[in-house]
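1. Sequence first, then the predicted structure, then my questions.
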Amino acid sequence: MAAITSPTAIDPKAPAPAASDRPRALPAPTRSRLAGIILALGIMLVAVNLRTTIIALPPFMPTIRAETGLSAMATGLLTTMPIMCWATLSLFAPRVARRIGFDWSLIAMTGLLSAGILIRVIPAIWSLYAGTLVIGIALALGNVIAPASVKRDFPHKPGLMMSLYGVGMSVGGAISAAIVMPIHLRTGLSWRMTLGLLVIPALVTLAVLLPRLRMHSVLATNAAMRATEAVNSDRPRPRLWNDLLAWQISIFFGLQAAIFYGLGTWAPTIVTDQGVSQSTAASIFAVAQLGGIPASFIVPLLIQNGLPIRRLVLAIGSLFTIGIAGMLVMPAVSPVLTAAWLILMNVAGASAMACTLMLMVLRSPDTEHAAAISGMSQAVGYAIAGVSPFLFGMLHDLSGSWTLPTVVILCTVLPIVWAGLGASRERMLGHRPASGEHLVMAAPDAVAASPQPTAE
C-alpha cells in the first residue's frame, strides 16, 4: 500500500462520483477536545468489553460440562450463540445508530451487556443461555457502532484510534483469561459468580460514556449531524452486497474469526485433556492472549504509515499455519511450546483483526459506508465464525479426538490469504472506475462534514 500522506488523497485517474452520490455537508460545530478524549476512552473500554465475556468462558468449559452434564456440542453453543447474534443483528445496528444516535447506541450496548452478565449468574440452565443471548445482542451493537464512531469522530486519526480499539480487545481478552479463572480457584466463588464479576468493566464503561450526553458541544454536533442526514435523506443507502471488495473484507474477517473462536474456545479443554491442570491451562491461555496486544497496537500504525497490507496478509497466513500445525503435535511437547503455538495464533489473529478494522475505515468514503461495511462484514463474518465452536465440538464428539477439528481449521488459512490479498488492493467501496486505483482515505466531503476538536 502506498504511503498515506493525506486523509483526502485521491487517485487522479479515478472518476469523481456523481453529484447525486456525494453527501452534501452542512457546517458542523466544533467538538470539544474533552468530548473527544471521553469518546476515545469510551471506545477503548467498549473494545475491552467486546472480548471479556467471550474469552473468560472457555477455561470454564470443563467445569460447566461436569456440573451441568452438557455435551461438548451443547457447551460450544454458549460461544456460538453470541457470534450468531452478531451475524444476524449486525445489519440492523446502523439503523439503530441512525435512530437513537451513536452515543445512545454505545450506552445501550453497555446496559444490555451488564444485564446479560447478571442474568447468567442465576443458577439455572435457561439463565445460562438467556444471559448469553442478551450478551450477544449487546456485543452485536458494539461491534458495528465502535468502528463507525472512529470514522465519524476521528477521520484524521484512524490508525491511532484503531490501535487503541485493537489494544482494548486484546487487553480485555488477556485480563479475562489471566484474572477470572485464578479468582475462581483462589476465592472459592462459583463459576457463575466469577463470570458475574465481568459486569464491573461494563459498568465502568457506562460511567465513562454517560457524561457525554450532557456536554453542549456533543449535543450541538449531534444536532448538526442529524441535520446533515436530513439533507441527505434522499440519497440511496450504501448497498454493498454486489461489491467484491466488501465480500473480500467480510470473508477475510470471518475466516480469521473462525480460527479465533473455534480453536480458541476449545484450546483450554484440549490442553487439560492432555493431562495439564486447569490452573496451568488457564495460565497458558492467558499468556497466549497477551501476545496479541503488541500486534493490535502496532499493525494499524504500520498501515497508516504505508506498510503494504498484502505483506501483512502473507505474514498472518504464515503465523496461522505454524501455530495450528504446532497444535497438531502438541501432545508430544511441553506446555511451553503449547503456549508458543497459541501465542503465534493470537498474534496472527490480532493482526488480522487490526487489518480488517483498518480496511473498514480506509475503504469507506463516508460514515454511512463505514457503518454498512462494518455491519455486512460482521454479519457475513460471524455467520462463518459462529459455526466454528459448534463444529469443532461436534467433530471432536464424532472422532473422539481433537486432531480432525484442528485439521479442518488449518484448511481455512489458504482462503484467508486469498481474501486478504484481494482486500489489500487500494480501491474504495461503492466506486467502480474504469481503470486505475480508488480513493485511499475518506472523500473530501466526508472529512469536511466531520467536526474538528478544539480546546474547551
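-> In hand now; what should we look at? Numbering: from 1, shown residues only.
2. Just want the most central residue of this protein.
-> Asn143 (5.7 Å; CA atoms, centre = their mean).
3. Can I get stretch 407-425 in PDB? Just the C-alpha atoms.
-> C-alpha atoms of stretch 407-425 as PDB (Å, rounded to 0.1, in the frame of the first residue of the first chain):
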ATOM      1  CA  VAL A 407      -7.000 -30.100  10.600                       C
ATOM      2  CA  VAL A 408     -10.300 -28.600   9.400                       C
ATOM      3  CA  ILE A 409      -9.300 -25.300  11.000                       C
ATOM      4  CA  LEU A 410      -5.900 -25.500   9.300                       C
ATOM      5  CA  CYS A 411      -7.700 -25.700   5.900                       C
ATOM      6  CA  THR A 412      -9.100 -22.200   6.300                       C
ATOM      7  CA  VAL A 413      -5.700 -20.500   6.100                       C
ATOM      8  CA  LEU A 414      -5.500 -20.500   2.300                       C
ATOM      9  CA  PRO A 415      -8.900 -18.800   1.700                       C
ATOM     10  CA  ILE A 416      -7.900 -16.300   4.400                       C
ATOM     11  CA  VAL A 417      -4.800 -15.300   2.400                       C
ATOM     12  CA  TRP A 418      -6.800 -15.100  -0.800                       C
ATOM     13  CA  ALA A 419      -9.500 -12.800   0.600                       C
ATOM     14  CA  GLY A 420      -6.900 -10.700   2.400                       C
ATOM     15  CA  LEU A 421      -4.800 -10.200  -0.700                       C
ATOM     16  CA  GLY A 422      -7.900  -9.200  -2.600                       C
ATOM     17  CA  ALA A 423      -9.000  -6.700   0.000                       C
ATOM     18  CA  SER A 424      -5.500  -5.200   0.200                       C
ATOM     19  CA  ARG A 425      -5.800  -3.700  -3.300                       C
END
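4. mind listing what's buried in that stretch?
-> By neighbour count on 16 or more other CB atoms under 10 Å, the buried set for stretch 407-425 is 408-410, 412-413, 416-424. For every residue, glycine as well, the C-beta is placed using N, CA and C.
5. hmm, back to that, for the residue nearest to the centre of the chain, grab phi and psi.
-> phi -60, psi -40 (degrees, to the nearest 10).
6. Give me the below-cutoff pLDDT ranges for the stretch 1-150 of the chain.
-> 1-32 (pLDDT under 70).
7. For it, which segments are assigned as helices?
-> With helices called from DSSP state H, counting those that start in this stretch, the stretch 1-150 of the chain shows them at 33-55, 61-68, 72-89, 93-100, 102-119, 125-153.
8. Okay, angle between the second one and helix 125-153 too, please.
-> This points to helix 61-68. 150 degrees (axes from the mean of the first three to the mean of the last three CA atoms, to 10 degrees).
9. Okay, strands next: where are they in this protein?
-> Secondary structure of the chain, counting by DSSP state E: strands at 31-32, 453-454.
10. got the end-to-end distance for stretch 326-344?
-> Start and end residues of stretch 326-344 are separated by 10 Å (CA to CA, to the nearest Å).
11. Show which residues not belonging to that stretch make contact with it.
-> 263, 267, 270-271, 274, 276, 280, 284-285, 287-288, 290-291, 319-320, 322-324, 345, 403, 406-407, 410 (CB atoms under 8 Å, 6 or more residues apart in numbering).
12. and what of stretch 380-395?
-> With CB under 8 Å, 6+ apart as the criterion, stretch 380-395 contacts 71-73, 75-77, 79-80, 83-84, 86-88, 90, 247, 250-251, 253-255, 257-263, 265-266, 404-405, 408-409.
13. what pLDDT, on average, does it get?
-> The pLDDT scores in stretch 380-395 average 81.
14. And the nearest residue to Leu404 once chain neighbours are set aside, how close does it get to Val387?
-> Setting aside the residues directly before and after it, Leu404 is nearest to Leu395 in space (CB to CB, 6 or more residues apart in numbering), at 5.0 Å. Using CB to CB, to the nearest Å, Leu395 is found at 11 Å from Val387.
15. now do Cys411
-> Cys411 is 14 Å from Val387, by CB to CB.
16. For Gln71, give me its contacts.
-> Quick fix: residue 71 reads Ser, not Gln. With CB under 8 Å, 6+ apart as the criterion, the residues that contact Ser71 are Arg65, Gly393, Asp397.
17. Out of those, who's the most crowded?
-> Most neighbours among those, by other CB atoms under 10 Å: Gly393, with 25 neighbours.
18. Chain neighbours aside, what residue packs nearest to Leu112?
-> Ala138 (3.6 Å).
19. And for that neighbour, the neighbour number?
-> 27.
20. same thing with the one 4 residues further on?
-> Using other CB under 10 Å, Gly142 has 24 other residues around it.
21. so it makes contact with Thr52?
-> No - at 11.8 Å, Gly142 and Thr52 do not qualify as touching, with contact defined as CB atoms under 8 Å.
22. quick one on the thing from earlier: was I right to think the residue nearest to the centre of the chain contacts Ala87?
-> No - taking contacts as CB under 8 Å, Asn143 lies outside contact range of Ala87: 10.4 Å.
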